[in-house]
Each structure stands twice: as structure tokens, then as C-alpha cells.
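Chemist: With the input below, show me the fold.
(one chain, ligands or ions: 1)
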Amino acid sequence: MSEKTIFKRIIDQEIPANIVYEDELCLAFHDISPQAPTHVLIIPKQEIESVAHLTAADQNLAGHLLLVAGRVAEQLGLTGGYRVVANCGPDGGQSVDHLHLHLLGGRSLAWPPG
Ligand code: AMP
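Modeler: Numbering: from 1, shown residues only. Below is the predicted model:
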């Protein structure tokens with residue numbers, strides 16, 4: 001059996017996280033290495049490796065994650081706007097193989113990303 005990802009260990013409460021939102025489907029917590037004044041990760045509790053591994057059966061879950069991103073942004077007072085990003089695979093810069101949305105805000109963000 002493959003090793004648990006760091007995010008699965010957070011879901012299973014084996015390691016701590018600074019959680020800002022939780023429901024039956026997902027968890028949102030502060031990134032340990034923030035790239036903006038606010039940097040939160042939204043992850044499904046279900047183990048899905050990446051955007052590329054989503055199927056039609058995950059449609060409601062995928063939409064739910066986006067809605068939660070917006071709700072958390074509001075909760076954290078990101079009134080000036082924010083960015084929601086999902087890195088996918090090696091070229092996308094994904095380092096943890098458990099689907100996650102990055103919610104970044106609290107400063108003006110450059111575009112395009114590197
Ligand atoms: P990605 O590079 O898109 O896969 O994003 C993974 C993110 O997880 C990075 O921004 C890391 O800083 C973050 N990260 C890794 N370990 C932890 C942890 N234990 N708690 C919170 N965030 C983490």
C-alpha cells in the first residue's frame with residue numbers, strides 16, 4: 001500500500017493543521033509556507049490525487065470545493081479579491097498528491113505566474 005500523503009495525515013488528525021473551515025466533504029487550513037498574507041488550502045476528505053483524477057462522479061465535490069473557497073475568502077475578509085489555484089502534476093508544480101485548491105489573497109497578485 002502506498003504511503004499516506006501529508007494531507008491525508010491531516011484529515012486523519014495524525015498531524016496538526018490550522019483549520020479555518022470543515023464540513024463533511026472537505027477541510028480548509030492555512031498553508032504551512034504561505035505565499036501571500038492569506039494562503040489557505042482547501043482539500044477534499046476523499047482521496048483524489050489531482051484535478052486530472054477527477055471523474056464525472058466527483059462533479060458535486062469539485063463544485064463544492066470552489067464554493068468553499070469563496071466562503072473562506074469571505075470569512076477571512078479578502079474583500080479586495082483573491083486567487084484560487086489548483087496545481088496539477090509535475091509541470092503544474094504539484095508537490096502533494098492529494099487534490100487541493102490554493103486560496104491566495106491579502107496582496108495584489110502578479111499575473112502570469114511563473
Ligand atoms: P502544491 O505544491 O500545489 O502541491 O501545494 C502543496 C502545498 O502544501 C504547499 O503550498 C505547501 O506549503 C503545503 N503544505 C505542505 N505540508 C503542509 C502542512 N503540513 N500543513 C500545511 N500546508 C502544507
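
Chemist: now stretch 63-76: mean pLDDT?
Modeler: For stretch 63-76, the mean per-residue pLDDT is 98.

Chemist: tell me the contacts of the residue nearest to residue 50 when sequence neighbours are not counted?
Modeler: Spatial nearest neighbour of residue 50, excluding adjacent residues (C-beta to C-beta, 6 or more residues apart in numbering): residue 88 at 4.8 Å. All C-beta atoms are positioned from the backbone trio N, CA, C, and that covers glycine. Residues near residue 88 by C-beta atoms under 8 Å, 6 or more residues apart in numbering: 50-52, 94.

Chemist: Ramachandran angles for residue 88?
Modeler: Backbone torsions for residue 88, taken as degrees, to the nearest 10, come to phi -130, psi 120.

Chemist: same question, residue 18
Modeler: phi -90, psi 90.

Chemist: re earlier: reformat the contacts of residue 88 as a markdown table; add secondary structure, neighbour count and distance to residue 100.
Modeler: Below are the contacts of residue 88 laid out as a markdown table (DSSP: H, G, I helix; E, B strand; the rest coil; neighbours: other C-beta atoms under 10 Å; distance: C-beta to C-beta, whole Å):
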| residue | secondary structure | neighbour count | distance to residue 100 |
| --- | --- | --- | --- |
| 50 | coil | 17 | 9 |
| 51 | helix | 17 | 10 |
| 52 | helix | 12 | 13 |
| 94 | coil | 18 | 9 |
